[in-house]
Structure formats: structure tokens, C-alpha cells
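Student: Generate coordinates for the sequence data below:
(2 chains)
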Amino acid sequence: MSHTVLVCDDAIFMRTMISDILTQAGFDVVGEAETGTQAVEQYRALKPDLVTMDIVMPDMGGIDAVREIVKDDPEARILMCSAMGQQALVVEAIQAGAKDFVVKPFQPSRVLEAVQRVLG
Amino acid sequence: MDLSQYAELFLAESREHLTTINQLLLEWERDPEASEPVAGIFRAMHTMKGMAATMGYGQVADLTHRAENLLDILRRGETAPSEDVLELLFRSADALDQAIAASVAGRESELDLADILKAIDRSAKQLGAGMKRPEAARPSAPVMAAPAGAGRAVRVVLSPDSPLKGARGLLVLQRVEALGRVHAVEPPRAAFEGEGFTGTFAFRLETQASDEQLEREIRAAGDVERVEIGELEAVERPEERGRARHIRVDLRRLDALMNQIGELLTARGRLTDLSSRREDPELEDVAIRVSQLSGELQAEIVQARMTPVWQVFDRFPRLVRDLARKLGKQISFRVEGKEIELDRAILDEIGDPLVHLLRNAADHGIESSKERTAAGKPVEGVIELSASRERAAVAIRVRDDGKGIDRAGILAQAKERGLVDADVDELSDEMLLRLMSRANISTAEEVSDVSGRGVGIDAVAHAVRALGGGLEIESEVGKGTAFTLRLPTTLAIVRALITRVGEERYALPVTHVAETLDLGTVQVTRVDERDAMRLRDDVVPLVHLRRMVDIEGEGPPRSPVIVLQIGERRSGLVVDQLMGQQEIVVKSFAPPEGTLPIFSGATILGEGRPVLILDAGGLV
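Tutor: Numbers count the residues shown, from 1 in each chain, chains lettered A, B, ... in the order given. Now for the predicted structure:
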């Protein structure tokens, strides 16, 4: 059975791109979220194997969403999606419990490498 | 502390940063979505700010500070810059260039940066509304020595292309902490997020895990290039590995060294002379050894003066871009052979001639988009600047795919002025160049703002000749024009033929010597009332050096003829005798009024005799 993924990003473009990369690699994208609040709700409902999480999102940001998710499920596997120059935020997310990160602009190979690392 | 001694270093290094900034701006303009250029520009601005502040150049520091602020907003904003913002950054780079030059020259008080500063601040305010700058940890000096203490010492080197190395390093530490107790992390964790973090860090780990397990766990964090476990030796900084180490040397020092080498070579010549006359084996041994050593020394110094052409070429992409904008044309600029090296002194002299040729190519060569479309050419014109090695010379070519030169127009002008016979109906490339090198012949129908009146090829030809080189042109109507500068690779020491006419000796650099013949064996004819000789299928004009330098009488009947060739042009130089070849040190030469235009400098031969150096360009 393929791994299930929840993709969280406020930009449709980014969600589409990440979903395409993962789907083509054989993953099953089971849900998408455009805010932190949605991400937390969807995680509870779907219990995906993996979450990709944008840092800057309206409503609730990605880092707060990581905190909420990890509070419920300490084993949650979350991959942060960041931009160059967001090191401080990425560090904060890792301290909050994110397992790895990728940096935009995304290269499919790098995204998949990171996903494999997170899934261990 | 006296800072004035650092001013030159500051200037040189700032110029490098400015070149980088301009290149990155061009890159950014081509691909506004890219994130690397802004990071690079930001870093360069940041570095210059620190340097300027240290030097006490307040205005430069202020300008770079505000530009850095704007760039910070841009790089954090993740949005592509607008055309206006890019234009503002280009203008800021120009203003910075001027501010740096003025500051170093002690004319900082004359600067007026108010307008550009206002523009930068306005732009930053617009873009940065609502953006907050998080505090970054202070970068600490990268500590690479193995930290002392209990447990195994571990050093991790992240891949150079790993983004956000600090965060990656933290992931490594988190994974390792699952295996045991981590301590003595160097640099300290707080420094991981600083700009100075290189991606190499070390720590001690108390654990039951094997080395293999440990390494596997560390590599699982991703982007790990190297893991070293065990007692670590002091490490060199990763960025210094395998890189040639450079120091800056004032060019005047190299010039002085070159002059001294010149003297040494002269003395060597005398010593060799002397030893061959004395027939003393011991003296001969010493003479040979001195000869070898000074030859090696000379080669080293010549090499030290060699500079890759990119040091001059790198500012041209920006120039061509600005020209294209100003002229409203679409021009793609290509550069090839950037790594080719020339003597620094030559390189310094070709910048202006190349600017001239590039301006001409953009202004008069490349047509407007409309004209190009009408002619069935791609809308985007191409200007190509290339450097290549050609035996002892370097060829630098500026080529455009524009409309070519209007030969008919130039021929008509030339006929009007009586420079060409009325019955000539076609101009060869060579004739074309000669006519264009006359200041009063112009190829531009209108005077334009960009390249001014006419083309000023005379100035280019003059500069290239002064360097002992030659200029050639190829042009085809509708297809484009190419100018080629052929230059010696080094100015200061050249191999020369020593010739004799009467009692006088002259040195002729071998750069343009194609072959030597015996006058007695060639067929001499008269063409246009001048002597010429048949050389295979061609007729080559003869130049009698004896007559040119006003020496009475005739030379021997079997005088040597030296065939000189510059591009397609040739001539045969008749002298009395060839005395052999030797290295000569060229001394700069300010010819007195009325000197024949056939000398390019002077040198001193082994026996201490001063000799004039013939300029092939003036003889062909």
C-alpha cells in the first residue's frame, strides 16, 4: 500500500506542484489544506503517513500547526516547505517537532529525498 | 590607525563586489523568480557596508546600508522584483560605484546621494510595509578544532549546496541526541543560524552505538557530505581546501620587478658575450647557469603579470544591456574565452577600445527590431565578444550580426575627398579599415547620443598599434561586422630579430614576422612606382629600411627580406643583415616630435647598445 500524504500550502500552485511530484512517485495524496487550522483538522480526520507543511499560511501558520499536530500525535511525520532566508523559522519548526525540510524553489528529487528520510 | 594604505585594497575589492552585483542584477532581470541573485547581491552589499564603515566612508556605508535594507525586504518577500525596482538597483550600483571612487579620492564631500537614497527608502517603504525583521544570531568564528572532553569526537561536513545549513545541522544534532549525550558542540548551537555558519561542525558524543550506526544516523539527516569519527586533527576551513591562494600585489611592484629582470637579462647577455670570448670553461658554466636561472625568473614574472580577460570583459554585459535599452533594441550578448590571459598592462589598455567597438556594434551594427524583421532576421540581434589564442598572439573579436558596413557610402565619401581613385568600384576589407581609420570618414548617417560622431575607428586602431598589435575588419552587408584585435600576450619582454642597416641596429619583434627571404632570389617588380616582389602568387610591396632611415648608399645585393604580416596585409622589409634573435625588454618610448611612425619603443642589447624597436604596424 502506498503512503498517504496531506499537503498544506495556501497557494494552489504550490499544492498542485507538490501533489504532482508525490503522486508521480507513487504516493497517495489524500488531502489538501490551505490554512494551519485546516491542516490540524485534516490530520485528525485522515491520519496521513506524511504531512508537507508550508510555513507562512493565513489563519494559523505552519509552525503552530506543527505544534498542534505533534501534541495529538508525537509520531507525526511532518516535512516543512520553506523559502531561502527562513532559517530561523525552519529551526523553530524543527524544535516544534518537524522532521525535515525542503527549500523553494522545489526540485522534485530533493523533495522526494526528504520525504524518504522522513518516512525512514 | 592609518587607513589610507588600505584605500587601494578597498577600491579593488569594492570593484569586484560591484561587478558581482551587476552580474547578479542581470541574472535577476533575466529570471526574476530566481532567489539566488538577490541573496548574492545582499551579501555583496553587506560586505561592502562593513568595509566602508571600517574605512570611515560614511556616505558609502549609508548607501550600502539602505540598499541592503531594500534587498533584505526583497529577499524575504519571495516575490519577483518589478522592473522599476531592478532599474533602481542598477542605478544604486552606479551611484555606489561613483561614491566609492569619490570617497577613495578624498572627494566624499562633493557627493550628492540625496536623490538615490530617497528613491531606495521610498521603494523599501512600499515593499516592506508590514514586514518585520527577526533577530539573527551573531555569527561566531567557525571553530574547527576538535572540542575536548569525554566521549567520541565527531565532525560533520554538510554538502556545499545544502540550503539552510544551520537548520540541517540542527536536524543532525537531534538525530544524534537520540543515541546518547551530546556536548561540546562547536560552533555553539546559537551560531548555527548565523551567516558565518559554514556547514562544518563538531561535537562529542557519549554513546553505546557503533561508529557505523552513528554515521548511518547522521547521514539520515540528509545533505551530509562527510562524517569523521575519532580523535580529530586540527582542520583547515573547508572553503580553503583545494583553492589556489592569492595575495594582492600592486602592479607597480610587478612593473619594477619586470624592469629589474630587464636589467638582469641585459647583464646576462653581456656575461654570455664575455664567456664566449674568454673561452674559460668555468666562466662558461657560470654563464650558462645564470642564463638558465634568469630565464626561469623571467618566465615566472611574466606569468605573474598574466591576467584573465574576464577582469575587463565582465563589465561589458551591463554596458551592452544599458546600450540596448537606450537604443530600444533587442540584443543578446555573448562572451567567449574569458579565461584567456594577457599581460596586465595590455589588458588595461584594451578596455576603452573594446567599449568603443561594442558601442559601435550596438548603435550602428545591430538594426532596429523593425528592420531586422523586414530583413527576415531574428528580432534579437547578437553581439559576440571572444578571446582566443593564436600562436604567440591573442585575438579578441567583437562581432555583430547587424547590417554590415555601407561600403558604397564610404567609397563615395572617399572619392569625394580624393582618397580613392575614381575608377575603384569595390572596397576590400583592408581598404575599408584604412579609410575608416581616417578620422574624417564616418559610417553613421546621423550623429547619435551613443557613439558620438562617426565611429572613431582611428582611436581603436591607434591604441591597438601602440600595444604592438593589429586591427582587422570583416564586414558583409546584411550579415554583420567583425573587428579583430590581434595582441601580443606580453608587452614587456618580446622575442625580436636584430637587424642591421649601415652601422645602425634595429630590433623587430617576431610577432608579425611571417618568413625571411634573400632579396637575390626573389623577383622584384615595380607596382605604382614602388618596389614590390613576387611572393608565390602574390605581389608584396617592398620597404627599404635603408631609405626610410636616410642612410646613404645601397645595401648588399643579397640583402635579407623580412616578410611582415598583419592580418591580410603584408610587406617585405629590406635590411642589410640579420644579426639573430633575442629576448628584448621593451622600454616605453615617448617619441620626439618628427620621429618616423615606424618605431614603437627602445631596448638595450647585451653589449649595452641602445636600439630602437621597429613597429610592424607602421611598416605594413
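
Student: what residues does the stretch 201-350 of chain B put near chain A?
Tutor: B:220-222 (Cβ under 8 Å from any Cβ of the partner chain). The C-beta positions use only the backbone N, C-alpha and C, and glycine is treated the same way.

Student: Just name the closest of those to chain A, please.
Tutor: Comparing those against chain A with Cβ to the nearest Cβ places B:Gly222 closest, at 5.2 Å.

Student: where along chain A do the strands fall?
Tutor: With DSSP state E as the criterion, chain A has strands at A:4-8, A:28-33, A:50-54, A:78-82, A:100-103.

Student: Using TSV, lay out the ones you listed together with mean pLDDT and distance to chain B.
Tutor: Below are the strands of chain A laid out as TSV (pLDDT from 0 to 100; distance: least, Cβ to the nearest Cβ, whole Å):
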stretch	mean pLDDT	distance to chain B
strand A:4-8	95	17
strand A:28-33	94	20
strand A:50-54	94	11
strand A:78-82	91	7
strand A:100-103	90	4
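
Student: Show me what from chain B comes close to chain A.
Tutor: Near chain A, when you scan chain B using Cβ under 8 Å from any Cβ, you find B:33, B:35-36, B:39, B:75-76, B:78, B:134, B:136, B:163-164, B:166-167, B:170-171, B:174, B:192-193, B:220-222.

Student: Narrow these to those in helices?
Tutor: B:36, B:39, B:75-76, B:166-167, B:170-171, B:174 (DSSP state H).

Student: quick one: which of those has the most company?
Tutor: Neighbour counts for these, by other Cβ atoms under 10 Å in any protein chain shown, peak at B:Ala167, which reaches 26 neighbours.

Student: so how far is A:Val66 from that residue?
Tutor: 14 Å (Cβ to Cβ, to the nearest Å).

Student: what about the helix-or-strand element of chain A with minimal mean pLDDT and chain B, touching?
Tutor: Lowest by mean pLDDT, DSSP states H and E among the helices and strands of chain A is helix A:12-24, with a mean of 82. No: applying Cβ under 8 Å from any Cβ, one finds helix A:12-24 out of contact with chain B, separated by at least 11.2 Å.

Student: Direction-wise, compare that helix with strand A:28-33 and give the angle.
Tutor: Counting by axes from the mean of the first three to the mean of the last three Cα atoms, to 10 degrees, helix A:12-24 lies at 160 degrees to strand A:28-33.

Student: in helix A:12-24, what's buried?
Tutor: Within helix A:12-24, the residues scored as buried using 16 or more other Cβ atoms under 10 Å in any protein chain shown are A:14-15, A:17-19, A:21-22.

Student: swap in stretch B:93-106?
Tutor: Going by neighbour count (16+ other Cβ under 10 Å), the buried part of stretch B:93-106 is B:93, B:95-97, B:99-100, B:102-104.

Student: now, among the ones in helices among the residues of chain B next to chain A, which is nearest to chain A?
Tutor: Checking those one by one against chain A (Cβ to the nearest Cβ), the nearest turns out to be B:Ala167, at 4.2 Å.

Student: What is the burial count for the closest residue to that closest one other than its chain neighbours?
Tutor: Spatial nearest neighbour of B:Ala167, excluding adjacent residues (Cβ to Cβ, 6 or more residues apart in numbering or on different chains): A:Val90 at 4.2 Å. When counting by other Cβ under 10 Å, one arrives at 28 neighbours for A:Val90.

Student: ditto for B:Ala374
Tutor: Count around B:Ala374 with other Cβ under 10 Å applied: 10.

Student: ok, now B:Gln581?
Tutor: 14.
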